[in-house]
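1. fold the stuff below for me.
(one chain, ligands or ions: 1)
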Amino acid sequence: MRTFENMQEWVAFRKTLEGSVGFVPTMGALHAGHGSLLQRSVEENDVTVLSIYVNPTQFNDPKDLANYPDTLDADLELAQKIGVDYVIMPGYAELYADNYRYQITESEFSRELCGQNRPGHFTGVLTVVMKLLNLVHANRAYFGKKDYQQFQLVKDMALTFFLDVEIVGCATIREKDGLAMSSRNKLLDARSRRLAGQLNCLLRSHRSDAEVIEQLQALGLTVDYVITRERRRFAAVVVECAEKTVRLIDNVGLQKA
Ligand code: PAF
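-> Residues are numbered from 1 along each chain as shown. From the prediction side, this is the model:
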């Protein structure tokens, strides 16, 4: 496995690669969910590229950015074990040489769900994903459906801008109690981890959105939203833990009653 921190070097090297390329963009702090995306890319492509870049433009809360877990050594070990070929780790100066003057903004769906209370979040995500896709020139790029809204927006952006890449959505990987795997789970202490486990359970229940909100609040969680649309229930909550606030999201398909 070879790592690239200099993107000029990477771009020159990319031109020498042959065969199909699969790409998994991440912000590091890899978990089994990322592992499943990487595994799938390794199975479906000749070459797999992983990016690790904690993208500041998608964090609307500086504390969230400061607390974002950093587990680089373990990430590289996992990537190597799975069979990743190349890891790109750009720096801000190179990725944002324009100082973020150029941005990709979607003006409807990005303002709903997670976009309601995270102004600029999806502009940051779409902008960095566009830059990374242009650096990697992948045939397929893999995104987890835990971030369902992100997956839909990236897929739609690829269509809108005629990007020559297949955006592949992959199933959410869960802990035994149903908690969706997330890098932010690493920040939870034992008490808040137990509470977080209730989220998926309540989303799957036959309760109404309003009842689910009430139950989550009764558990001491701050609810950003619980919304059902097109037989899928989406939620974001904030868990307080050891002077930190940890934001968790999830979504589940609902069965017909
Ligand atoms: O899902 C993530 O980890 C990030 O939003 C992504 C797609 C790597 C962009 O920074």
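2. show me the contacts for whichever residue of the stretch 51-200 of the chain sits closest to the ligand.
-> The minimum distance from the stretch 51-200 of the chain to the ligand, using CB to the nearest ligand atom, falls at residue 55 (3.9 Å). Every C-beta, even on glycine, is put in place using the N, C-alpha and C of the backbone. With contact taken as CB atoms under 8 Å, 6 or more residues apart in numbering, residue 55 is in contact with 27, 124-125, 128.
3. just the strands in the stretch 51-200 of the chain please.
-> Along the stretch 51-200 of the chain, counting by DSSP state E, counting those that start in this stretch, strands occupy 86-88, 140-144, 166-170.
4. helices or strands up against the first one?
-> With contacts defined as 3 or more CB pairs under 8 Å, 6 or more residues apart in numbering; DSSP states H and E, strand 86-88 has these neighbours: strand 2-4, helix 7-14, strand 47-52, helix 121-136.
5. give me the angle between the second one and strand 47-52.
-> Helix 7-14 and strand 47-52 meet at an angle of 170 degrees, taking axes from the mean of the first three to the mean of the last three CA atoms, to 10 degrees as the criterion.
6. next one: the last one
-> Computed with the same axes, to 10 degrees, the direction of helix 121-136 lies at 140 degrees from that of strand 47-52.
7. just to revisit the earlier point, winner for burial among the helices and strands packed on strand 86-88?
-> Highest mean neighbour count among the helices and strands packed on strand 86-88 (mean count of other CB atoms under 10 Å): strand 47-52, with a mean of 26.
8. hang on, the earlier thing: next one: the residue of the stretch 51-200 of the chain closest to the ligand relative to residue 20, how far apart?
-> 26 Å (CB to CB, to the nearest Å).
9. do you know how far the residue positioned nearest the centre of the chain is from residue 5?
-> Taking CA atoms, centre = their mean, the centroid of the chain lies closest to residue 147, which sits 5.6 Å from it. Taking CB to CB as the criterion, residue 147 is separated from residue 5 by 26 Å.
10. one more: residue 185?
-> From residue 185 to residue 5 the distance is 27 Å (CB to CB).
11. which of these two has more residues huddled nearby?
-> Legend: neighbour count by other CB atoms under 10 Å for residue 185 and residue 5, higher for residue 185 (20 against 12).
12. need the pLDDT of the more buried one.
-> Residue 185 carries a pLDDT value of 95.
13. could you check how far it is from residue 3?
-> From residue 185 to residue 3 the distance is 26 Å (CB to CB).
14. do the same with residue 187
-> Taken as CB to CB, the span from residue 187 to residue 3 is 26 Å.
15. once you drop chain neighbours, what's closest to residue 253?
-> Nearest non-adjacent residue to residue 253, counting by CB to CB, 6 or more residues apart in numbering: residue 232, 5.4 Å away.
16. what are the phi and psi angles of the one you found?
-> Torsion angles at residue 232 (phi, psi; degrees, to the nearest 10) stand at phi -130, psi 130.
17. now find how far off-centre the helix or strand bottoming out on mean pLDDT in the chain is within its chain.
-> In the chain, no helix or strand scores lower on mean pLDDT, DSSP states H and E than helix 62-67, which sits at a mean of 92. Relative to the chain's own centre, helix 62-67 is displaced by 16 Å; criterion: CA atoms, centre = their mean, to the nearest Å.
18. which residue ranges of the stretch 101-250 of the chain form helices?
-> Assigned by DSSP state H, counting those that start in this stretch, the stretch 101-250 of the chain shows helices spanning 121-136, 148-160, 190-204, 209-218.
19. one step back: distance of the residue of the stretch 51-200 of the chain closest to the ligand relative to residue 212?
-> 31 Å.
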